[in-house]
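[1] here is a sequence together with a model predicted from it:
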Amino acid sequence: MHLSQVDLNLFVVLEAIYREGNLTRAGRQLKLTQPAMSHALKRLRELLQDPLFIRDGANMIPTPFSRNMINDVRQALQTLEVNLYHNKNFDPAHTRRDFQLGFWELMESTILPSLVKTLTEAAPEISLTTLRVKRREIEAELASGVLDLALDVPINVSDSIRQQPLFSDRIIVMARAGHPAIAHGLDLDTYLSQNHVLVSSRRHGPSLVDAELNRKGKKRRIALRCQQYFAACRVVSQTDLLLTIPERYAEMLNSRFKNRIYPFPLKSMQRLEIQMYWHESAESDPPNRWLREQITKVVAESLTTEEPEPKLAIAANQKSRRYSRAAR
């Protein structure tokens, strides 16, 4: 088979079916009718001598052959798209593209509103899809083109993954007002003696905080592991559990619950660093580069005002000092 005999549009169809898992939705993405999609899939099957997808109700389940080749297909299509369409003619106001972003909950709530506002004004045809991706899978998903960008904490990646620091945030501890164990303030021993909420999408495994505590030979007791920070804040407001969380996100959630905020008592980990990641193949891709610039700009604008001292933490410390003087 010679490449000149192959209709490369068929591989666009293959990638769309694989991504959507459904023939109708894939056709809608490509603006093709279902008969046209079925005809293209039939040609692909004849060309590659494989069923490619097995129908399961409305779903299209990829065969091992499809799974083995999809990453190469995606990378090739991305390279073609960059070279043919974007390098010289990229115009945000008239570009139609759906970016796949690996975000975690904190990033969605703090960055996404301003980013969507910016894109709506500057690039109305560009859309975003945010995905929750396991950290160990970020590099593979960026390399395969499933993800365009990822925003997460520092992780180990190969040289093929580019990265850029975005911002850092203080780590704080949230407790209900009137918590009996921390009326005099929160030190590390008191922190470790309390029960805690851990927010994670994973079923098992330590958080970044627990990994650092373990490194110091310390351990806290997780009484609740849940999936959403909002639920965790609500639990904290009605129990004696503590929640460890980045400050900016805590302030956003806490306006409703009025929990107290204390400095995180482990000196070796008082800030959380956030990085932006992309694959080297997207380094010179104008839409990807433009989106990176917009994210950087949105983050910079959100940090233009000087980081405020956590008022509730200061109040707690002042209260602690008053108790100390009284004791003396």
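    Yep, it's here. Every value quoted in this text rests on a predicted model; they were computed, and no experiment measured them.

[2] nearest spatial neighbour of Glu283, chain-adjacent residues omitted?
    Of all residues beyond its chain neighbours, the one nearest Glu283 is Arg162 (5.9 Å), with distances taken as Cβ to Cβ, 6 or more residues apart in numbering. No exception for glycine: its C-beta is placed from N, CA and C like everyone else's.

[3] check which helix or strand that neighbour maps to.
    Applying DSSP states H and E as the criterion places Arg162 in strand 161-175.

[4] list the strands paired with that strand, with their directions.
    strand 242-246 (antiparallel), strand 260-263 (antiparallel), strand 271-279 (antiparallel) (DSSP bridges).

[5] what separation do you get for the residue nearest to Glu283 and Ala143?
    12 Å (Cβ to Cβ, to the nearest Å).

[6] list residues touching both of those two?
    His279 (Cβ atoms under 8 Å, 6 or more residues apart in numbering).

[7] so for those two, which residue has more residues nearby?
    Ala143 (19 against 16; other Cβ atoms under 10 Å).

[8] center of this structure - which residue?
    Phe103 (1.3 Å; Cα atoms, centre = their mean).

[9] pretty sure that residue is touching Ile138, no?
    No. Applying Cβ atoms under 8 Å, one finds Phe103 not in contact with Ile138, separated by 11.3 Å.

[10] touching both of those two, which residues are there?
    Counting by Cβ under 8 Å, 6+ apart, the residues touching both Phe103 and Ile138 are Ala150.

[11] re earlier: for the residue nearest to Glu283, name its beta-bridge partners.
    Trp278.

[12] which residues are in contact with it?
    Arg162 makes contact with Tyr277, Trp278, His279, Glu280, Glu283 under the criterion Cβ under 8 Å, 6+ apart.

[13] if you set the cut-off to 10 Å instead, what comes out?
    Contacts were defined as Cβ atoms under 10 Å, 6 or more residues apart in numbering; by that measure Arg162 touches Leu142, Met276, Tyr277, Trp278, His279, Glu280, Ser281, Ala282, Glu283, Arg292.

[14] quick one: pLDDT of it?
    For Arg162, the pLDDT comes out at 96.

[15] for Gly217, see how far away the closest residue in space to Ala223 that isn't next to it in sequence is.
    Closest residue in space to Ala223, ignoring its immediate chain neighbours: Asn195 at 3.8 Å, by Cβ to Cβ, 6+ apart. Distance, Asn195 to Gly217, using Cβ to Cβ: 20 Å.

[16] between these two, tell me which one has more neighbours.
    In this view Asn195 and Gly217 are compared by other Cβ under 10 Å, and Asn195 has more residues nearby, 13 against 6.
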